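> How does the following fold in three dimensions:
(one chain, ligands or ions: 1)
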Amino acid sequence: MDFREYTIDKITSITGLDRETIAKAVETPPEQKLGDLAFPCFILARTLKKAPPVIAAELAEKFSEDENIEKAQAVGGYLNFFYSRTAFTKNTITEVLEKGADYGKSDLGKDKTVLVEYSSPNIAKPFHIGHLFSTAVGHSLERIYSQLGYDTVKLNHLGDWGTQFGKLIVAYKLWGDDSVIEKDPINELLKIYVKFHEEAEKKPELEDEAREYFKKLEEGDDEATTLWQHFRDLSLVEFKRVYDMLGVSFDSYNGESFYSDKMDEVVDILRDKGLLTDSEGAKVVELPELGENTPPCIILKSDGATIYATRDIAAALYRHRTYDFYKNIYVVGTPQSLHFKQIFAVMEKAGWDWAKGCEHVNFGLVKFPDKKLSTRHGDVVFLEDVLNESIQKTCEIIETNSPNMENKDEVAKKIGIGAILYTFLKNSREKDIVFSWDSMLDFEGESAPYVQYSYARGKSILRRSDIEIADADYSLVTTDEEYTLVTHLNAFLDAVKDAADKNEPFYVNRYVTILARLFNKFYNSCPILKDDVPEDVKKARLALVKASCQVIKSALYLLGIEAVESM
Ligand code: ARG
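All right, here's what the predicted structure looks like:
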């Protein structure tokens, strides 16, 4: 049962107003002690020609209590409703326990497909911290949409095409040493790539050679293709190692190369629609509608080569045809905002109305204040090193705090990785992130370990008791601490919907953090298994513990973070 809907019905019958107007007007009071739902009587003032407090007082008199709503109280111009704590608690906890992992799901997105493109690192280049940000946000968003009943598709738009591969091939032919590359592929490929640029300053003819090789690659030349494929395979092995650590997977790794033969069509369409103009030999689409300072979108370079934007337009068209998407989300850093604005505008100009479903979900920068991160590879922060360092540090904390813990390594992995993912999802994504081990691994602060610890605490209580939970008497768990916790459990789906609405996993992150905090408050103020607690109170509190654990676990899952059964 939905208490909110129920109360709206009730207000409708008391006031005689149209239900929809009421549904729009009701508010959640800022504090629990003011009630569960408030009806602002201001909206009636004009029709009734009375002051809102008078209206509120009169309406309160007409109210008759029932099993779900205990009272309606006039406060100022508001009519505040208090649910029956027992009924609400029973309703919520029973639903959580019955549905288990399905609690908090909805079919809102039935028959609609949402594509979430995220991570998208570049071949033969390090998977850097910005890609991790994208991975964390995208992975979480995909789960959030899925929770709401959307069909989701996880896309990794690998950066595996472009003139840089011509350079890499030349570099490889000059300085590549397979035995070294085999051992540390990305790092080594990066090294020779950097070397290429240094050498090319002295010998500009290297650039011509590189252009020649990329051209060969585009034409499907055997040698060039084999080398390119080799670099791609090597890189993917490394990327997948990181994805495995994070528990991330993709439905498609179709990267930029996949669209290399699908761009002619785009160029033709844009030309046919009269959208292409010449600009210093290049073909561009002018976009004055985005403001006169917006540069045009380059479709073909002066040498005829296609570029990043063209590949993206071809990719969007392909995705539309393949998936008929409702939304096509790109989780990519803020520096690429202009790029996405441009390609979306080009697509709109081409008359593709589905382009409205394309959305750039941007995010801020990652800063390292203490610079104490591993620098095995010089200046570049290698993601795998960061993940391993987090796990290592967690191990040390566990070693100090609970040296006797079983399966330490497994726990350290879940906590260490969770701590990092949490950090990316802690604030609104456009904010820059300051990477600090201290706050990330602060078991008492706003952190994954804090939430994971709360869950483990709950699970440990459940393990210590063999009381059968069914048929608890929920009138026994209605203290403020208990009730606030219950109302929060009830609000899970709202948090998920908010997160999807704004493409902001941090709503779920904030939700689960508050849940853990409320759970700990309850745990600290209401004894559960103490000897002097009556059996039926134990039972009802255990039910609340079990429901809390279930929702913490489900919410963590939406963030890509694993719950830890004991720690
Ligand atoms: N590979 C790009 C980079 O690392 C990100 C790709 C973003 N996705 C896209 N469809 N353009 O910057």
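> What residues sit buried inside the helix or strand that Ser439 is a member of?
Per DSSP states H and E, Ser439 falls inside helix 437-440. Residues of helix 437-440 classed as buried by neighbour count (16 or more other CB atoms under 10 Å): 437, 440. From N, CA and C alone the C-beta is placed, and that goes for glycine too.
> So which other helices or strands are in contact with it?
helix 383-401, helix 408-424 (3 or more CB pairs under 8 Å, 6 or more residues apart in numbering; DSSP states H and E).
> Buried deepest among those, which one?
Among these, helix 408-424 has the highest mean neighbour count (mean count of other CB atoms under 10 Å), at a mean of 23.
> contacts for the helix or strand bottoming out on mean pLDDT in the chain?
Across the helices and strands of the chain, mean confidence by mean pLDDT, DSSP states H and E is lowest for strand 366-367: a mean of 86. Here strand 366-367 makes contact (CB atoms under 8 Å, 6 or more residues apart in numbering) with 129-130, 132-133, 432-435.
> what number of residues lie near Asn520?
Asn520 has 18 neighbouring residues, counting by other CB atoms under 10 Å.
> If you drop the residues flanking it in sequence, what lies closest to it?
Ser454 (5.6 Å; CB to CB, 6 or more residues apart in numbering).
> which secondary structure element contains that neighbour?
Per DSSP H and E: helix 448-464 holds Ser454.
> Quick one: distance of the least confident helix or strand of the chain to the chain centre.
With CA atoms, centre = their mean, to the nearest Å as the basis, strand 366-367 stands 18 Å off its chain's centre.
> near the ligand, which residues of the stretch 251-400 of the chain?
For the stretch 251-400 of the chain, the residues in contact with the ligand (CB under 6 Å from any ligand atom) are 312, 330, 332.
> Just want the residue of the stretch 351-500 of the chain that's nearest the ligand.
His360 (9.2 Å; CB to the nearest ligand atom).
> how deep is the closest residue to that residue other than its chain neighbours tucked in, by neighbour count?
Leaving aside its sequence neighbours, His360 sits nearest to Phe340 (CB to CB, 6+ apart; 3.8 Å). The tally of other residues near Phe340 (other CB under 10 Å) stands at 18.
> correct me, but Phe340 touches Asn328?
No - Phe340 is beyond contact range of Asn328, at 11.0 Å (criterion: CB atoms under 8 Å).
> Between these two, which contacts overlap?
With CB under 8 Å, 6+ apart, Phe340 and Asn328 have common neighbours Cys358.
> Quick one: classify the residue nearest to His360 as helix, strand or coil.
What DSSP: H, G, I helix; E, B strand; the rest coil gives for Phe340 is helix.
> so the residue nearest to Asp107 when sequence neighbours are not counted is in which element?
Among residues not flanking Asp107 along the chain, Gly149 sits closest, at 4.0 Å (CB to CB, 6+ apart). When elements are assigned from DSSP H and E, Gly149 belongs to no helix and no strand.
> What of Glu207?
helix 205-219.
> before we move on, back to that, next one: the helix holding Ser439 to chain centre, how far?
Counting by CA atoms, centre = their mean, helix 437-440 comes out at 21 Å from the chain centroid.
> Spit out the contact partners of Arg541.
476-477, 482, 526, 528, 533.
> cool, and Ile269?
Contacts for Ile269 (CB under 8 Å, 6+ apart) come out as Ala350.
> any idea whether it is helix, strand or coil?
What three-state DSSP gives for Ile269 is helix.
> if I look at it, how far off is the ligand?
19 Å (CB to the nearest ligand atom, to the nearest Å).
> residues from this protein in reach of the ligand?
117, 120-122, 157, 159, 312, 330, 332.
> So what touches the strand or helix carrying His320?
For His320, the element it lies in under DSSP H and E is helix 308-323. Here helix 308-323 makes contact (CB under 8 Å, 6+ apart) with 113, 115, 153, 155, 157, 161-162, 254, 256, 258-260, 262-263, 265-267, 297-300, 325, 328, 339, 342-343, 346-347, 352, 354-355, 358.
> Pull out the buried residues from it.
Applying 16+ other CB under 10 Å to helix 308-323 flags 309-320, 323 as buried.
> Dump these to CSV, plus distance to Leu365 and pLDDT.
Shown next, in CSV, are these (distance: CB to CB, whole Å; pLDDT from 0 to 100):
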residue, distance to Leu365, pLDDT
Ala309, 23, 95
Thr310, 27, 95
Arg311, 25, 95
Asp312, 22, 97
Ile313, 27, 98
Ala314, 29, 97
Ala315, 25, 98
Ala316, 26, 98
Leu317, 31, 98
Tyr318, 31, 98
Arg319, 28, 98
His320, 31, 98
Tyr323, 31, 98
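> now, which of the residues you listed sits nearest the ligand?
Asp312 (4.9 Å).
> still on that earlier bit, please tell me how far the residue nearest to Asp107 sits from the ligand.
Taken as CB to the nearest ligand atom, the span from Gly149 to the ligand is 26 Å.
> what's the neighbour count on that residue?
Around Gly149 there are 15 residues (other CB under 10 Å).
> Which residues are in contact with it?
With contacts defined as CB under 8 Å, 6+ apart, the neighbours of Gly149 are 105-110.
> For the residue of the chain found nearest the ligand, name its beta-bridge partners.
The ligand sits closest to Gly159 of the chain, with a gap of 3.2 Å, by CB to the nearest ligand atom. On the basis of DSSP bridges, Gly159 is bridged to Asn122.
> Same list, the residues of the chain next to the ligand, but as a markdown table with distance to Val496 please.
A markdown table is the format used below for the residues of the chain next to the ligand (distance: CB to CB, whole Å):
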| residue | distance to Val496 |
| --- | --- |
| Glu117 | 21 |
| Ser120 | 25 |
| Pro121 | 28 |
| Asn122 | 32 |
| His157 | 26 |
| Gly159 | 31 |
| Asp312 | 30 |
| Tyr330 | 21 |
| Val332 | 23 |
